[in-house]
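Visitor: build me a model from this:
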Amino acid sequence: MIKRLPVIFSILLMFLILSPLSSARAEQAFQGFLPLLIDLDGWQGKKPDGMSMEMPNASMTTATRDYQHGSAQVHASVMVGQSAAGALAPIQSGMNLTTTEGHMITATMHGMQVLKSFTTAQKSGALMVALGKDAMFSLSYNGISEDEALALAEKFDWKAIQAATQAK
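Guide: Got it, this is the predicted structure:
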């Protein structure tokens, strides 16, 4: 029995070392966002994808999905981490800019701070929704009007996405 003790100890130690790694591989942080990148009626949606990166003092998680309707394109994404915090700076500053070529306007929609940008000539723009200090949902688009893009963005459940970003 005493001769088997080192073998049992070794197996137990190996199990303890490998078990956290196997659970980390089971589900990446971005996978919780993928079901929230819904199908859009009338649009051909590609498969949603994502990425999670962890480094000392920094982390980033993104989930994205592209959509096509004729020549029009939409790109939906969820971003959590320091890069999202940097992208949210214009919203937090209350920046508003309007020219003959387009605009960049901060506003509140559904109780959340947003930044709406639109370029008239290309019929393109983006909507960024602040979900927290380091989390955002964005919908960028090309080939549709700003009103059509806002209607598409509102089909996503911003509150559910916000809850998912806070659970990470």
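
Visitor: so where is the chain shaky, pLDDT-wise?
Guide: When the per-residue scores of the chain are filtered using pLDDT under 70, the ranges that remain are 1-27, 168.

Visitor: now do the strands in it.
Guide: With DSSP state E as the criterion, the chain has strands at 44-45, 49-55, 58-69, 72-81, 96-99, 102-109, 112-119, 124-132, 135-142.

Visitor: mind checking which of those is nearest Phe30?
Guide: strand 49-55 (2.8 Å; C-beta to C-beta). All C-beta atoms are positioned from the backbone trio N, CA, C, and that covers glycine.

Visitor: so what are the sheet partners of the closest one and their directions?
Guide: Sheet neighbours of strand 49-55, with direction, are listed as strand 58-69 (antiparallel) (DSSP bridges).

Visitor: list the contacts of the strand it pairs with.
Guide: Residues from elsewhere that reach strand 58-69, judged by C-beta atoms under 8 Å, 6 or more residues apart in numbering: 29-30, 33-34, 36-37, 40, 42-53, 73-84, 144, 168.

Visitor: how near is the residue nearest in space to the middle of the chain to His110?
Guide: Residue closest to the mean C-alpha point of the chain, counted by C-alpha atoms, centre = their mean, is Val78 at 0.8 Å. Distance, Val78 to His110, using C-beta to C-beta, to the nearest Å: 16 Å.

Visitor: ok, now Trp43?
Guide: Distance of Trp43 to His110, given as C-beta to C-beta: 21 Å.

Visitor: now list the buried members of the contacts of strand 58-69.
Guide: Among the contacts of strand 58-69, those that count as buried by neighbour count (16 or more other C-beta atoms under 10 Å) are 29-30, 33-34, 36-37, 40, 45, 48, 50, 52, 73-74, 76-81, 83-84, 144.

Visitor: re the thing from before, make TSV out of the strands of the chain and add distance to Ala89.
Guide: Listed next are those as TSV, based on distance: least, C-beta to C-beta, whole Å:
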stretch	distance to Ala89
strand 44-45	30
strand 49-55	21
strand 58-69	16
strand 72-81	13
strand 96-99	14
strand 102-109	11
strand 112-119	10
strand 124-132	10
strand 135-142	11
